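Undergrad: Generate a structure from the sequence data that follows.
(chains A and B)
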Amino acid sequence: MPLSLNSCQGASVSSMLRLLCALCSLAPAFAHAGVVRGVNEDNGLKSWHFTDADIEIELIQRLPDQTRALFMNHEFSREVIEELATSCMFQTIIRNNGTSATGRPVAINLTQWRMRHAGKVTGIKLKESWLESWTDEQASHAAKLVVRWGMFPTQQEYLPGDYNWGLTAYGIPPGSIFDLEVFWKAGAADRSGNIDGVECAPDVDKLK
Amino acid sequence: MRIFPPLLIILIAVSGPGVAEQTLAPVPEGVLAPDFVLQDTDGKTHRLSDYRGTPVIINFWATWCPPCREEIPSMNRAWRRFEKEGIALLAINMGEDEDTIFIFTADYPADFPLLMDRDGAVIEQWPVRGLPTTYVVAPDGTIAYRAIGSREWDDNGLFEKIMELKK
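TA: Okay, the predicted model is just below:
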């Protein structure tokens, strides 16, 4: 009997073949797994891992104190450090999960991403708005470089195998919960997905 | 027990990514690498155009960048092979001083040159959007490959791809 995926529907296949077919049928589910929530057992930080056919997006909570520690080592004013620390930062990883043989370019433009919080739909906080607003007294040139290169690129194209890490900010208080709609282009196709119930890390005074 | 090889191949193909593929994306021909002159942490001056005639790997990084840290051990292992083959590796730190880099290398030893772009002027000349980004410059001075994100630089596939530029 010629073997094809259609043979999964046949009644005469062996139990082994039925098992293999069942596994085959699960494969697309893995390829479009949606969002997996996780908790780091060591530090308690939560994460949201979104997967689609061409892309993976991971958001990992970042405590305001972690952000304070990063920026205190650079020449920012105290007010700017506090603004950055309490802007709901996430360590963000975006990966083109295609292979060089079958993958296609993925383009991200963070200006397209939308968040829903407290009944309002807005864009996310982009580094450009901060960099344009700070005076030299609020952030030195060297300090601005850390934000320029430490925060996620607003626009970037990823070829198969490429990935990037960086901070994304959502401009809402620590402990807030929001829904995020992410957009990307895979090849010529516009794509989108939802990451709901994302939780900003609480500030230190809310930790038990 | 009889195994069905075609089905097994399908299963292996869909069962997950396993070890991530180490990729270098070709850059369209003819893009000349922007020249620069930078000092390394030992005080030596490096001019990119002085390396003409040999492949050069240019890595943009910073100590506070997690994936940059992640790839330094494999880069250091790869450097031992690259150096023997006459392939240059220049890691350009973005915006930090010698002391910061010196402290960092206690935990992440790097035997290859660590250049300092203190004011970020050099990185702005390159089409870098995020850290780390690595370019492979061909012997004729054009950019041959690009990698966004960290790689396992001692991967044989990457090594052979870079070695082909010498031919």
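
Undergrad: report the longest helix in chain B, please.
TA: helix B:66-84 (DSSP state H).

Undergrad: Okay, buried residues for it please.
TA: B:P67, B:C68, B:R69, B:E70, B:E71, B:I72, B:S74, B:M75, B:N76, B:A78, B:W79, B:F82 (16 or more other CB atoms under 10 Å in any protein chain shown). C-beta: built from backbone N, CA, C; applies to glycine.

Undergrad: per-residue confidence at residue 12?
TA: Just so you know, I chose chain A. pLDDT recorded at A:S12 is 47.

Undergrad: switch to chain B, that's the one I care about
TA: 38.

Undergrad: Just list the residues touching B:R151, thanks.
TA: B:R151 makes contact with B:Q22, B:T23, B:L24, B:E71, B:S74, B:T134, B:L158, according to CB atoms under 8 Å, 6 or more residues apart in numbering or on different chains.

Undergrad: re earlier: remind me what the next helix or strand after the longest helix of chain B packs against, helices and strands.
TA: The helix or strand immediately downstream of helix B:66-84 is strand B:88-94, counting by DSSP states H and E. Using 3 or more CB pairs under 8 Å, 6 or more residues apart in numbering or on different chains; DSSP states H and E, the elements in contact with strand B:88-94 are strand B:56-61, helix B:66-84, strand B:114-117.

Undergrad: Quick one: check the longest one for contact with chain A.
TA: Yes: judged by CB under 8 Å from any CB of the partner chain, helix B:66-84 and chain A are in contact via B:P66, B:P67.

Undergrad: State the mean pLDDT of that helix.
TA: For helix B:66-84, the per-residue pLDDT averages 95.

Undergrad: Point out the other helices and strands that it packs with.
TA: Helix B:66-84 packs on strand A:163-169, strand B:56-61, strand B:88-94, helix B:156-164, going by 3+ CB pairs under 8 Å, 6+ apart.

Undergrad: how about a markdown table for those, with distance to A:G98 added?
TA: Shown next, in a markdown table, are the helices and strands packed on helix B:66-84 (distance: least, CB to CB, whole Å):
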| stretch | distance to A:G98 |
| --- | --- |
| strand A:163-169 | 11 |
| strand B:56-61 | 23 |
| strand B:88-94 | 28 |
| helix B:156-164 | 17 |
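
Undergrad: and A:E128, which of these is closest to it?
TA: strand A:163-169 (11.6 Å; CB to CB).

Undergrad: what about B:V31, distance to chain A?
TA: 15 Å (CB to the nearest CB, to the nearest Å).

Undergrad: thinking again about what came up before, kindly indicate which of the buried residues of helix B:66-84 lies nearest B:D119.
TA: When those are compared against B:D119 (criterion: CB to CB), the nearest one is B:C68, at 18.9 Å.

Undergrad: ok, that closest one touching B:T133?
TA: No: using CB atoms under 8 Å as the test, B:C68 is too far from B:T133 to be in contact (9.8 Å).

Undergrad: Count the neighbours of the nearest residue in space to A:F50 that is not next to it in sequence for me.
TA: Among residues not flanking A:F50 along the chain, A:I57 sits closest, at 4.4 Å (CB to CB, 6 or more residues apart in numbering or on different chains). Using other CB atoms under 10 Å in any protein chain shown, A:I57 has 22 neighbouring residues.

Undergrad: confidence score at A:I57?
TA: Looking at A:I57, the pLDDT reads 98.

Undergrad: A:K208 now?
TA: 49.

Undergrad: circling back: just the CA trace of the longest helix of chain B, in PDB.
TA: Output in PDB follows, covering the C-alpha atoms of helix B:66-84 (Å, rounded to 0.1, in the frame of the first residue of the first chain):
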ATOM      1  CA  PRO B  66      22.300  39.200  27.500                       C
ATOM      2  CA  PRO B  67      22.600  37.500  24.000                       C
ATOM      3  CA  CYS B  68      25.900  39.300  23.500                       C
ATOM      4  CA  ARG B  69      27.200  37.600  26.700                       C
ATOM      5  CA  GLU B  70      25.800  34.300  25.600                       C
ATOM      6  CA  GLU B  71      27.800  34.100  22.400                       C
ATOM      7  CA  ILE B  72      31.200  35.200  23.700                       C
ATOM      8  CA  PRO B  73      32.300  31.800  24.900                       C
ATOM      9  CA  SER B  74      31.700  30.200  21.500                       C
ATOM     10  CA  MET B  75      33.200  33.200  19.800                       C
ATOM     11  CA  ASN B  76      36.300  32.700  21.900                       C
ATOM     12  CA  ARG B  77      36.500  29.100  20.900                       C
ATOM     13  CA  ALA B  78      36.000  29.900  17.300                       C
ATOM     14  CA  TRP B  79      38.700  32.600  17.500                       C
ATOM     15  CA  ARG B  80      41.300  29.900  18.000                       C
ATOM     16  CA  ARG B  81      40.400  28.400  14.600                       C
ATOM     17  CA  PHE B  82      39.800  31.700  12.900                       C
ATOM     18  CA  GLU B  83      43.200  33.100  14.000                       C
ATOM     19  CA  LYS B  84      45.000  30.100  12.600                       C
END
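
Undergrad: Extract the residue ranges of chain B that are flagged as low pLDDT.
TA: Counting by pLDDT under 70, chain B shows low-confidence ranges at B:1-20.

Undergrad: Quick one: residues contacting the closest residue to chain A within it.
TA: At 3.1 Å from chain A, B:T23 is the closest residue in chain B, using CB to the nearest CB. In this structure, B:T23 makes contact with A:S100, A:L159, A:P160, A:G161, A:D162, B:A147, B:R151, judged by CB under 8 Å, 6+ apart.

Undergrad: coming back round to it: so what pairs up with the residue nearest to A:F50 in the strands?
TA: Listed beta-bridge partners, A:I57: A:F50, A:I94 (assigned using DSSP bridges).

Undergrad: on that earlier part again, which one of the helices and strands packed on helix B:66-84 is the most hemmed in?
TA: Each of the helices and strands packed on helix B:66-84 was scored by mean neighbour count; the highest is strand B:56-61, a mean of 25, by mean count of other CB atoms under 10 Å in any protein chain shown.
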